[in-house]
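Visitor: Predicted model, plus sequence, below.
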Amino acid sequence: MKTIKRIINVIVILVIAILIFYLLNKLLMPKYMTDLVEGSMISQYYDEEKNHEVIFIGDCEVYANFSPMVLYQEKGITSYVRGSSQQMIWQSYYLLKETLKYEIPKIVVFNVNSMRYSEPVSEAYNRLTLDKMKWSKEKYDMIKASMLDEETMTSYIFPILRYHDRFDKLTKEDIEYLFDKKKNTYQGFLINKEIKPLENKPVVKKLANYQFADIDYEYLEKIKDLCEENNIKLLLIKAPSVYPHWYDEYDAQIEKFAEENHINFVNFLDKVGEIGIDYSQDTYDRGLHLNLTGATKLSKYFATYLKENYELTDYRENKEIDDIYQKKLEQYMKEIM
Amino acid sequence: MKNKGTIIAIIFVVVALVIIGAFIILNSKQETKTIGNAETSVSQESKDVYQFKAEDKTVQLGVDFASLNMPKENDYAEMESCAFEGLDKEYTYDHYVISTYPEGDTDKVKSVYFLDGEAQTTEGVKIGDTYDKMVEVYGEDYQNLDNQYTYEREKTQIIFLIEDNVISQIEYNYVTE
C-alpha cells in the first residue's frame, strides 16, 4: 500500500514538474501578436480551410506583395501565401513538403529571391519561420537545414533554452496570448497601408561571384521534383522589390533553369510600368515591399496572368466556397478601408 | 512516516528543479543577438585597423557616424530590413559612399565604398590600379575568393575586386558578426 502511495506521489510530482516546464516554455516563447507579427504567419495556415489551387512560398516578397483576397475577387482563384521573413530556399522546400500533407494545389508559386543566399543568415530570422511551425518531420528537417553553428536543436524543442532571458521582459501580450492567438494576415498576406516613397536607390555593388550556390540549385531541384511528383505546376517569380538589387546575372540563371525544365518564370521587376507600380506611392518601406495599393495592383495583374496561363477554377461560381470567401472578403474590405 | 514522505517529495522537487536549471544553463550557450548588433569597440587611430581618410576627415569603421561630423552628403538612401526595426543608411559623397547599420539609437559605420578612381585608400591605392600595386602596398596576406581579395585587421577589412588585373572596386568593411 505504502509503495503504491509512493509511486503515485512520484507520478504526481513528475506531472506537476512537466506541466510547470511546459507552461514556462509557452510563457517565455515570443507570441508575435503585436510585435514582430511576421513570426506568427506560418502558424495561421493550420486554421484555414485547405482548398487552395495556388500556394505561394518564399520570403517577405510574397507575403507583402501578393493578396490572395484580390486574386479571389478578380478571378475567383483560391490561394494561400506561406511566406515568412527571409525564408531561405531550404525552408521553402520543407514548408512546401509540409503543405502538401494538407492539400495538393494546382500551382506552386516560388519567389526566387532566396537563391542569392548560400547559407543561413540569421538566427533571428530562422526563429520567425520556425518558432510557430507545427512539429513534424518537416519541421525537424527544416531546423537541421537552417541552424547556424551557434544554434542547437534542443533550443527549438525546448524554447525556454533560447528565451529564458525574457523573464524580465514579459508583457501583457505574453499572458493574453498564452493559449490564444489572433489572425493578422489574410490568407498569409500581411496588409500594410503606410506610404514611404522610394527616393534614392541604394548603390549597386559589383559582386565577386554571381553564380547561385549548389545548395540553392539542389533545393530548387527538390521543389521542382516535389511539384512533379504531385502533378503540380511550378511557377517561378521575382517580386518587384527594388532592393536588395536583383542582378541581371541572377536573372539569366533563373531564365536558364526555367527554360531547361519547362517552367514559367515571371520577373515582375521588368513589368513595373505595365502593372502601374509607382514607388513614390506604392511602397511602405522605400521599395523593399509594396504597400496595400501596390500589392493590389500587382495581385490584379497576377490574377489575370494566372487565369490566362493556367486552368484554374473560378470558385465564385461554387456557392459553398464562395460563401466562405465572401465572408473573408467582407472582413478584408473593412480592414483595407 | 508522513514527515519522511514529505521530505522525500521536497527533495525530489528540488532535485528536479536543479536538473531543469542545469539543463537550461548548459543548453543556453547560444546567443541572444538580433540583426545588426555588433560590438563596436574600435581603438581610436589604431594601427591595427583599416580606416579611410577623406580630405581632412578620418572615417573609422564601427564608430558612430554622427561623431565623424561629415559634410552634407550629395545623396542619401535608407534601407529597411524584412521584419526588424532599424534602418541601414547610405550617404553618398562625390567619390565614395558611407553606409551605416543601426545599433541602439546610433548609426555605426559599416562600409566605405569607392565610386570612382578619384578616391584612394589611406595607403594610396585606387580603382584603376593594378593587382601588382595592391600587392606592393598591402602584401600577399589576403583571402582570395574568385576575383575578390580581402585584407583584414581585427574587425576591419579592405576588399578589392580585380578584373583583368585591374582593380575595379574597393570597399572598406566592418565585420559585424
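Guide: Received it, and whenever you're ready, just let me know what you need.

Visitor: Could you use CA atoms for every contact and neighbour count after this?
Guide: OK.

Visitor: Can you name the next helix or strand after the lowest-mean-pLDDT helix or strand in chain B?
Guide: One helix or strand of chain B scores below all others by mean pLDDT, DSSP states H and E: helix B:2-27, with a mean of 63. Sequence order places strand B:51-54 as the next helix or strand after helix B:2-27, per DSSP states H and E.

Visitor: Tell me which strands that next one pairs with, and in which orientation.
Guide: strand B:57-60 (antiparallel) (DSSP bridges).

Visitor: Need the mean per-residue confidence for the strand it pairs with.
Guide: Average pLDDT, strand B:57-60: 92.

Visitor: Sheet-wise, list the partners of the helix or strand following that strand with their directions.
Guide: For strand B:57-60, the succeeding helix or strand toward the C-terminus, using DSSP H and E, is strand B:75-80. Applying DSSP bridges, strand B:75-80 is found paired with strand B:87-92 (antiparallel).

Visitor: in the partner strand, what's buried?
Guide: For strand B:87-92, the neighbour count (16 or more other Cα atoms under 10 Å in any protein chain shown) marks B:87-92 as buried.

Visitor: is it possible to export those to TSV including pLDDT and distance to A:Arg166?
Guide: Converted to TSV, the buried residues of strand B:87-92 look like this (pLDDT from 0 to 100; distance: Cα to Cα, whole Å):
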residue	pLDDT	distance to A:Arg166
B:Leu87	87	25
B:Asp88	91	27
B:Lys89	93	30
B:Glu90	94	33
B:Tyr91	95	36
B:Thr92	95	40
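
Visitor: Dump the residues you listed to a markdown table, plus distance to A:Lys193.
Guide: Below are the buried residues of strand B:87-92 laid out as a markdown table (distance: Cα to Cα, whole Å):
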| residue | distance to A:Lys193 |
| --- | --- |
| B:Leu87 | 19 |
| B:Asp88 | 22 |
| B:Lys89 | 23 |
| B:Glu90 | 25 |
| B:Tyr91 | 28 |
| B:Thr92 | 30 |
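
Visitor: So which of those is the closest to chain A?
Guide: Of all the buried residues of strand B:87-92, chain A sits closest to B:Glu90, with 7.0 Å by Cα to the nearest Cα.

Visitor: Next one: the closest one from B:Lys126, what distance?
Guide: For B:Glu90, the distance to B:Lys126 equals 21 Å [Cα to Cα, to the nearest Å].

Visitor: for A:His245, same thing?
Guide: Per Cα to Cα, A:His245 is found 25 Å from B:Lys126.

Visitor: need the contact list for the residue nearest the centre of chain A.
Guide: Residue closest to the mean C-alpha point of chain A, counted by Cα atoms, centre = their mean, is A:Gly83 at 1.2 Å. Residues near A:Gly83 by Cα atoms under 8 Å, 6 or more residues apart in numbering or on different chains: A:41-42, A:56-60, A:62-63, A:188.

Visitor: restrict those residues to those near chain B?
Guide: A:Cys60 (Cα under 8 Å from any Cα of the partner chain).

Visitor: In stretch B:130-139, which residues are buried?
Guide: Within stretch B:130-139, the residues that count as buried by 16+ other Cα under 10 Å are B:130-131, B:134.

Visitor: rewinding a little: which one of A:His245 and B:Lys126 is surrounded by more residues?
Guide: B:Lys126 (22 against 15; other Cα atoms under 10 Å in any protein chain shown).

Visitor: roughly how far is stretch A:303-320 from the heart of the chain?
Guide: Stretch A:303-320 has its C-alpha centroid displaced from the chain centroid by 23 Å (Cα atoms, centre = their mean, to the nearest Å).

Visitor: I'd like the domain boundaries of chain B, if you could list them.
Guide: Domain ranges of chain B: B:1-30, B:51-174, per automatic domain parsing.

Visitor: Chain B contacts on the stretch 51-200 of chain A?
Guide: Within reach of chain B by Cα under 8 Å from any Cα, the stretch 51-200 of chain A has these residues: A:60, A:85-86, A:122-124, A:150-152, A:154-155, A:160-162, A:164, A:199-200.
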